[in-house]
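>>> Just a sequence and a predicted model for now, questions to come.
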Amino acid sequence: MFHSPTEFIFGRDTEQQVGQTAKRYGAHRAMIVYGGGSVKRSGLLTRVETALKASGIEHVELGGITPNPTDTRVYEGIDLARKEQVDFMLAVGGGSVIDTAKAIAAGVKYDGDFWDFFCGKRTVEDALPIGVVLTIPAAGSEGSGNAVITKTDGLHKLSLRTPMWLRPKFAIMNPELTFTLPPYQTACGIADMMVHVMERYFSNTKGCELTDRMCEAVLMAIIDEAPKVMHNPQDYEARANIMWAGTLAHNGICGTGREEDWASHFMEHELSAVYGVTHGAGLTAIVPAWMTWMCRHNINKVEQFARRVMGVTPNDVEGAAPGAKPRLVALEGVRRLARFWQSMDLPTNITQLGIPKPDIDLLVDKLHENKGEFVGNYVKLDREMTREIYVMARDYSIDD
Ligand code: NZQ
Ligand code: ZN
């Protein structure tokens with residue numbers, strides 16, 4: 001099933017349309033959800049408030065949402081939405097803000113504890129409509145049916161997937177709003193969207209040549225555009241390409257017809273739950289080790305990725321014995337990917353992430369407590385396997 005009804009309104013100054021667009025989707029009294037202050041500093045919040053007012057939409061606000069958002073703010077938002085009789089959720093920010101708005105949207109319409117949805121006790125059967133003004137291309141939440149929230153008690157970071165209810169009605173995407181992103185957040189966002197594509201690319205489903213090629217195209221475009229935005233944060237064309245890539249990476253189109261993996265994401269979610277790291281950086285600390293491990297256990301797609309996305313050719317492994325070539329090609333692809341991330345000052349192992357002594361027992365325990373006996377699909381990983389990958393990720397070195 002592919003159901004992606006979000007209306008994307010893309011281009012310069014599009015935030016001016018937020019009032020009239022929210023009105024079209026039935027908003028009378030909206031809750032604006034935003035983060036730690038970037039939207040105030042840039043003046044975006046004031047522009048959004050003005051646009052809502054001009055369309056006759058009243059609003060209340062829930063600000064100060066932090067990265068890796070928690071259940072505490074969701075409960076607060078649900079109470080506020082009920083008290084103020086809010087009929088529309090408007091997220092102005094990135095994944096953390098959008099996911100909080102989504103969780104509130106579902107929680108308001110449910111008599112029990114909203115966490116029931118995240119821990120799998122209940123499925124969402126109703127939700128307030130959600131709109132988005134996106135300020136960072138990264139999580140892809142503007143076009144996804146997912147929300148990721150951390151339960152403070154026990155540090156459980158879980159994702160909820162309910163495309164029918166949680167996909168935003170509309171997402172306003174003005175690349176100029178991303179000019180103010182710090183380089184680290186830009187880089188983390190780029191890494192996150194790349195891994196969203198890769199979680200879909202690393203699949204054993206046969207006969208999905210079209211989606212393979214779409215995944216490759218999105219990845220190659222990101223790799224081309226990323227240095228441009230890192231070098232010149234105000235490059236509109238490059239910012240626009242990166243912004244749209246972040247949406248296509250995660251709105252489901254790159255995963256149609258195939259089994260998806262998601263092991264790297266779930267392994268990362270434990271890192272960001274326990275150590276509070278930025279999600280994209282957590283991913284670049286896990287993925288090179290995960291791919292290297294896959295070279296031993298299911299090399300097919302790693303080798304294809306190396307050739308088609310990272311441009312590794314037989315010349316690059318000249319002189320190797322024919323039987324050893326696929327593995328060397330695959331490993332060279334992993335190294336090139338890691339170097340690419342390194343070029344944006346991202347970590348490529350857990351130590352570089354600032355965690356020299358990760359509690360691997362704890363990470364493995366929490367991972368399997370949250371996700372069950374096996375994690376991922378490309379290779380179904382049991383506890384011993386995820387432990388091996390965490391250990392490799394702690395010390396991964398491009399030069400080995
Ligand atoms: O809080 P403010 O002050 O706005 O600052 C934010 C925040 O510190 C800043 N920022 C955002 N736009 C900015 C800006 N700074 C300057 N100028 C701008 N235009 O960036 C920082 C990070 O924001 P955040 O919303 O946390 O980023 P992101 O979009 O990467 O979201 C990360 C969250 O999404 C989850 C992650 O796990 C993490 O919790 N994910 C959600 C998914 C989904 N819903 O489908 C899928 C993803 O795989 C991911 O797990
Ligand atoms: Zn992600």
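Sure, I can see it. Ligands and ions are numbered 1, 2, ... in the order given.

>>> Would you mind listing what in the chain touches ligand 1?
Counting by Cβ under 6 Å from any ligand atom, the chain comes close to ligand 1 at 35-39, 67-68, 93-97, 99, 135-136, 138-141, 144, 146-148, 177-178, 180-181, 185, 189, 192, 250, 265, 279. Any C-beta I mention is one placed from the backbone N, CA and C, and that applies to glycine too.

>>> buried subset of the residues you listed?
For the residues of the chain next to ligand 1, a neighbour count by 16 or more other Cβ atoms under 10 Å gives the buried set as 35, 38-39, 67-68, 93-97, 99, 135-136, 138-141, 144, 146-148, 177-178, 180-181, 185, 189, 192, 250, 265, 279.

>>> mind giving me the domain ranges of this structure?
In the domain annotation for the chain, the residue ranges read 7-178, 183-395 (automatic domain parsing).

>>> Dump those domains into JSON lines; add mean pLDDT as well.
Formatted as JSON lines, these follow (pLDDT from 0 to 100):
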{"stretch": "domain 7-178", "mean pLDDT": "97"}
{"stretch": "domain 183-395", "mean pLDDT": "97"}
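
>>> Identify whichever of those lies nearest to Met1.
With Cβ to Cβ as the criterion, Met1 lies closest to domain 7-178 of the domains of the chain, at 7.9 Å.

>>> what about the spatially most distant residue from the centre of the chain, which helix or strand?
Centroid-distance maximum for the chain: Gly319 at 40.1 Å, with Cα atoms, centre = their mean. Following DSSP states H and E, one finds Gly319 outside all helices and strands.

>>> what residue lies at the spatial centre of the protein?
With distances taken as Cα atoms, centre = their mean, Ala139 lies nearest the centre of the chain, 2.8 Å away.

>>> Wait, that one touches His250, no?
Yes: with contact defined as Cβ atoms under 8 Å, Ala139 counts as touching His250 (7.2 Å).

>>> Quickly list what's touching both of the two.
Common neighbours of Ala139 and His250, counting by Cβ atoms under 8 Å, 6 or more residues apart in numbering, are absent.

>>> how about the residue nearest to Leu181 when sequence neighbours are not counted, what does it touch?
Closest residue to Leu181 apart from its sequence neighbours, by Cβ to Cβ, 6 or more residues apart in numbering: Ile136 at 5.9 Å. Residues near Ile136 by Cβ under 8 Å, 6+ apart: Gly93, Gly94, Gly95, Thr178, Leu181, Gln185, Gly189.

>>> mind checking how far Ile136 is from Asp153?
Distance, Ile136 to Asp153, by Cβ to Cβ, to the nearest Å: 28 Å.

>>> can you check Glu7 too?
Between Glu7 and Asp153 the computed distance is 37 Å (Cβ to Cβ).

>>> can you check Val39 too?
For Val39, the distance to Asp153 (Cβ to Cβ) stands at 29 Å.

>>> Return the subset of the buried ones among the residues of the chain next to ligand 1 lying in strands.
Among these, DSSP state E puts Gly93, Asn146, Ala147, Val148 in strands.

>>> Touching, the first one and Val39? I think so.
Yes: taking Cβ under 8 Å as the contact criterion, Gly93 and Val39 are neighbours in contact, 6.3 Å apart.

>>> got any residues that touch both of those two?
The overlap between the contact sets of Gly93 and Val39 (Cβ under 8 Å, 6+ apart) consists of Thr135.

>>> and Met291, backbone torsions?
Met291 adopts backbone torsions of phi -70, psi -40, taken as degrees, to the nearest 10.

>>> And it, how close does it get to Thr386?
Separation of Met291 from Thr386 (Cβ to Cβ): 15 Å.

>>> Now Gly246: closest residue in space, sequence neighbours ignored.
Per Cβ to Cβ, 6+ apart, closest to Gly246 is Pro137, 3.5 Å.

>>> cool, Asn232 as well?
Using Cβ to Cβ, 6+ apart, the closest residue to Asn232 is Ala238 (7.5 Å).

>>> can you check Trp244 too?
Nearest to Trp244 is Phe10, by Cβ to Cβ, 6+ apart, at 6.9 Å.

>>> And for that neighbour, the neighbour number?
15 (other Cβ atoms under 10 Å).

>>> was I right about it contacting Met173?
Yes: assessed by Cβ under 8 Å, Phe10 is found in contact with Met173 at 4.6 Å.

>>> Overlap in contacts, those two.
Joint contacts of Phe10 and Met173 (Cβ under 8 Å, 6+ apart) are Met243, Trp244.

>>> residues making contact with stretch 67-79?
Residues from elsewhere that reach stretch 67-79 (Cβ under 8 Å, 6+ apart): 31, 33, 35, 62, 64-66, 96-97, 99-101, 103-104, 107-108, 114-115, 148-152, 157, 272-273, 276, 278-279.

>>> Please apply the same query to stretch 228-245.
Here stretch 228-245 has contacts from 10, 12, 134, 137, 173, 175-176, 178-181, 183, 186-187, 189-190, 193, 218, 221-222, 225-226, 344, using Cβ under 8 Å, 6+ apart.

>>> Those, buried ones only, as a PyMOL selection?
Buried subset of these, written as a PyMOL selection, criterion 16+ other Cβ under 10 Å:
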select buried, resi 134+137+173+175+176+178+179+180+181+186+187+189+190+193+218+222+225+226+344
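
>>> Can you flag which of the contacts of stretch 228-245 belong to helices?
Using DSSP state H, Pro183, Thr186, Ala187, Gly189, Ile190, Met193, Val218, Ala221, Ile222, Glu225, Ala226 are the members of the contacts of stretch 228-245 that sit in helices.

>>> now these as a markdown table including distance to Ala324?
Formatted as a markdown table, the ones in helices among the contacts of stretch 228-245 follow (distance: Cβ to Cβ, whole Å):
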| residue | distance to Ala324 |
| --- | --- |
| Pro183 | 39 |
| Thr186 | 38 |
| Ala187 | 34 |
| Gly189 | 37 |
| Ile190 | 32 |
| Met193 | 33 |
| Val218 | 31 |
| Ala221 | 32 |
| Ile222 | 30 |
| Glu225 | 34 |
| Ala226 | 32 |
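
>>> of all those, which comes closest to Gln304?
Out of these, the member with the shortest distance to Gln304 (by Cβ to Cβ) is Val218, at 15.3 Å.

>>> who's in contact with the closest one?
Neighbouring residues of Val218 by Cβ under 8 Å, 6+ apart: Val197, Ala245, Leu248, Ala249, Cys254.
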